[in-house]
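[1] Provided below for reference: sequence and predicted model.
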Amino acid sequence: MSATNSPAAKTERLLNLVLVLLYTRRPLTKAQIRRTIEAYAAAPSAEAFDRTFERDKDELRELGIPLVTEVVSAGWDDEQGYRIDQREYALPDIAFERDELTVLGLAARAWAQASLGGAATQALRKLRATDVERDEESLIGIEPRLRTAEPSFDAFKDAVIARAPVSFDYRRADSDETTTRRLEPWRVVLWHGRWYVTGRDLDRDAPRVFRLSRISGEVTRIGTPGSYDIPADHDPHVLVSGSTSVAEPSPAVLRVRVGRGHYLRRQARTVGEIDDDFSLIDVDHRDLDEFATDIASHGADVRVEQPVDLQRAVVARLRATLAAHEGRP
Amino acid sequence: MAGAKQPVETAQARLARLLTMVPWLVNRQGIDVEEAARGLGISVPQLESDLNLLFVCGYGNMPDELIDASWEGGKVFLSNAETIAKPLRLGLDEAVSLMVGLQALLSLPGLHERDAAQRALAKLEAAAGSFGQAAASVTVQAADPVDEDLVGRARAAVEAGRRVRLEYLVPGRDESTERDVDPLRVISMDGRIYLEGWCHRAEAMRMFRLDRIEALEVLDVAATPPPAATLRDLAGGIFQPGPDDEVVTLRLDRVARWIVDYYPVEAVRDLGDGMTEVDLRTADTQWLVRLMLRLAGHAVVTAPESLRGEVAAAARAALAAYA
């Protein structure tokens, strides 16, 4: 037997408690439990046993083990008795088809090395316990992968599930300043490869979206779990994508070096050759700043012919780059 | 991460693992020790230690009330474990992980397994009970839209083990190249879909963004990736610098600070006043020059001096066209 307080001894005690309470048909009193399980019998005092037993019960319940309390009549006194509901304990018998198990394998692997990776593997092992034919997966040439590099992922997931208000420090996109925000979180959302949390901002009393990578430090619970409702009509993707109205396309004419500007050429309405070195392309853009940035990144390979405001925006960017890189750093 | 210490397993976590392990082993009586350890994702010594622990547990203290575990001759047998022969119901995180994983799978374009995934999701919802609803807490829209037909052909090439010829666009370097690739998987990650495979042009493993593949032709040639072709460990993301890459130091103002989030920078130094200095490794200085042109002075190369000069020269050459 392991040392009394080692993790191994504790695992042994917890497992014995599960076995005893699952096996019994009738609820067992604390005294009966103490007599049956050696580690409890060895407790130096009734108080020490009580403390350990209370903690152990909590730990089993945290694992989702349905430990129930029922009144048992013992002589004249009614006493609390304990057992684990066998039917509630066991995973229902569900027969998964071969192809269903294969996709479940992919679903579990999606979390490989991410926050829920351990839980997913464990879940899959439970579902495949009786599926002994083949444990490896048939080849599916495509798989999703979810990454949770943001340390706050778990805290927000748990807060949404518990419906518990939280506070956290949030950095704006263009600044180092952080502000403390208070939120009733509604959903954790993956949108175009980034994680966000949606919810009701308690200080602004309005729905807001926060990007998890801009949250620094701890996420603190500031209210009681279950203290608010998530609006039934909340569509997180709509909130995250925002009410971005799409601007009308504006035309531009660019001179592009032959063999360069592949991405611009791909979007062009027309491409005409000027000479062996350059083409002239017509291309539409919706956002002048973004487009000017794209063009500037091409350096001398692309020149804006029209319009003038786009040309000005590109020249301003190139001058700023030059000024920043001339002379000593 | 290499060399990272495994956190010590708590008694509670080990209990959860044992309660999953027992049903798995009960259904596989006589399984080889090594195979069992592999299937359970643990080491052989860990498995033996677990079996030793099970051996002293039971619903009573009498020998016939204890679990019987044996693994002599390298084969594992478990008996007298009927009490816990069925797995514990799915926990909250377990239900959420699989249901969100299926959601991510279902959001992939060109998926033939849509029907199987939907059936699995419905059964899981039934199995998860009230936890099923918790899965709605996390929602996933896995990838940006891409050409479904292209995804279908790419994964078919992976499944059939055939080489593909790609016409591939690299906007970061403004290049379009033709490459023969032995594809190993199609994977969606960080909002994009990639084809990962052995590139015969680079003679190395490469990830190709599907939205930058201009043409994909499945060749009548078997894919023969060399033994060196191993799938990338994606824990660190798509951008993975090599150890021999050049170290570049950049000074960023607030507008360019997103670089810290976006690229795997090696060191971040706060210079005060909203300025940050970062070191990053790259083999591709041409890409970096273009990134600096894009950031228009909000990011500046401070070292090496030669690269700083290259950026200045590129900006000067571009401005000359407007003179």
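    Arrived safely, thanks for sending.
[2] Only C-alpha atoms from now on, for both contacts and neighbour counts.
    OK.
[3] Make sure A:Glu12 is indeed in a helix.
    Yes - with DSSP: H, G, I helix; E, B strand; the rest coil as the criterion, A:Glu12 is assigned to a helix.
[4] residues near it, how many?
    Other residues near A:Glu12 number 24, with proximity taken as other Cα atoms under 10 Å in any protein chain shown.
[5] and the gap between it and A:Asn5?
    11 Å (Cα to Cα, to the nearest Å).
[6] ok, now A:Pro144?
    A:Pro144 is 43 Å from A:Asn5, by Cα to Cα.
[7] Same check on A:Glu38?
    From A:Glu38 to A:Asn5 the distance is 14 Å (Cα to Cα).
[8] and what of B:Leu66?
    Taken as Cα to Cα, the span from B:Leu66 to A:Asn5 is 22 Å.
[9] Specify which residue of the two has the higher count of neighbours.
    Set B:Leu66 next to A:Asn5 and count neighbours by other Cα under 10 Å: B:Leu66 wins out with 20 against 8.
[10] show me what contacts the more buried one?
    Contacts for B:Leu66 (Cα atoms under 8 Å, 6 or more residues apart in numbering or on different chains) come out as B:Phe55, B:Val56, B:Cys57, B:Gly58, B:Tyr59, B:Gly60, B:Asn80.
[11] Mind checking which of the residues you listed land in helices?
    Secondary structure assignment by DSSP state H places B:Phe55 of these in helices.
[12] where does the stretch 1-150 of chain B dip in pLDDT?
    Where the stretch 1-150 of chain B drops to pLDDT under 70, the residues are B:1-7, B:142-144.
[13] what does chain A give?
    Chain A contains residues with pLDDT under 70 at A:1-4, A:74-76, A:132-138, A:173-176, A:243-247.
[14] Mind listing the shared neighbours of A:Glu38 and A:Asn5?
    Contacts common to A:Glu38 and A:Asn5, judged by Cα under 8 Å, 6+ apart, are absent.
[15] those strands in chain A, which residues are they?
    A:28-29, A:67-74, A:77-84, A:142-144, A:166-171, A:178-191, A:194-201, A:206-211, A:215-221, A:250-257, A:270-273, A:278-285, A:302-306 (DSSP state E).
[16] thinking again about what came up before, which of the contacts of B:Leu66 are buried? Put it as a PyMOL command.
    Command for PyMOL, covering only those of those found buried under the criterion 16 or more other Cα atoms under 10 Å in any protein chain shown:
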select buried, chain B and resi 55+56+57+58+59+60+80
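[17] Just give me the closest of the contacts of B:Leu66 to chain A.
    B:Tyr59 (4.2 Å; Cα to the nearest Cα).
[18] On the three-state scheme, B:Val100 is what?
    Once three-state DSSP is applied, B:Val100 turns out helix.
[19] Domain boundaries for the chain, per the record?
    In the absence of a named chain, this looks at chain A. Split into domains by automatic domain parsing, chain A comes to A:7-89, A:92-147, A:153-241, A:250-325.
[20] think we crossed wires, I meant chain B
    B:11-84, B:92-137, B:148-236, B:246-320.
[21] ok, back up a step: buried deepest among the strands of chain A, which one?
    Mean neighbours per residue, mean count of other Cα atoms under 10 Å in any protein chain shown, is largest over those for strand A:142-144, with a mean of 25.
[22] Not counting its own residues, what contacts that one?
    Contacts for strand A:142-144 (Cα under 8 Å, 6+ apart): A:106-107, A:110, B:101, B:104-105, B:108, B:142, B:155, B:185-189.
[23] Need those in JSON lines (columns: distance to A:Val271).
    Listed next are those as JSON lines, based on distance: Cα to Cα, whole Å:
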{"residue": "A:Leu106", "distance to A:Val271": "44"}
{"residue": "A:Ala107", "distance to A:Val271": "45"}
{"residue": "A:Ala110", "distance to A:Val271": "43"}
{"residue": "B:Gly101", "distance to A:Val271": "44"}
{"residue": "B:Ala104", "distance to A:Val271": "39"}
{"residue": "B:Leu105", "distance to A:Val271": "39"}
{"residue": "B:Leu108", "distance to A:Val271": "34"}
{"residue": "B:Ala142", "distance to A:Val271": "35"}
{"residue": "B:Arg155", "distance to A:Val271": "33"}
{"residue": "B:Arg185", "distance to A:Val271": "36"}
{"residue": "B:Val186", "distance to A:Val271": "33"}
{"residue": "B:Ile187", "distance to A:Val271": "34"}
{"residue": "B:Ser188", "distance to A:Val271": "33"}
{"residue": "B:Met189", "distance to A:Val271": "34"}
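[24] taking the domains of chain B together, which one is wrapped up most tightly?
    domain B:92-137 (a mean of 21).
[25] Quick one: the helices in the chain, in order.
    In the absence of a named chain, this looks at chain A. Counting by DSSP H, the helices of chain A are A:7-23, A:30-36, A:38-41, A:46-62, A:86-89, A:98-109, A:117-127, A:153-162, A:236-241, A:262-267, A:288-296, A:308-325.
[26] wait, chain B
    Going by DSSP H, chain B shows helices at B:11-26, B:33-40, B:44-55, B:92-106, B:114-128, B:131-134, B:148-160, B:258-262, B:285-295, B:305-320.
[27] angle of the second one against helix B:44-55?
    For helix B:33-40 against helix B:44-55, the angle between stretch directions is 90 degrees (axes from the mean of the first three to the mean of the last three Cα atoms, to 10 degrees).
[28] can you check the first one too?
    Our comparison of helix B:11-26 with helix B:44-55, counting by the same axes, to 10 degrees, yields an angle of 90 degrees.
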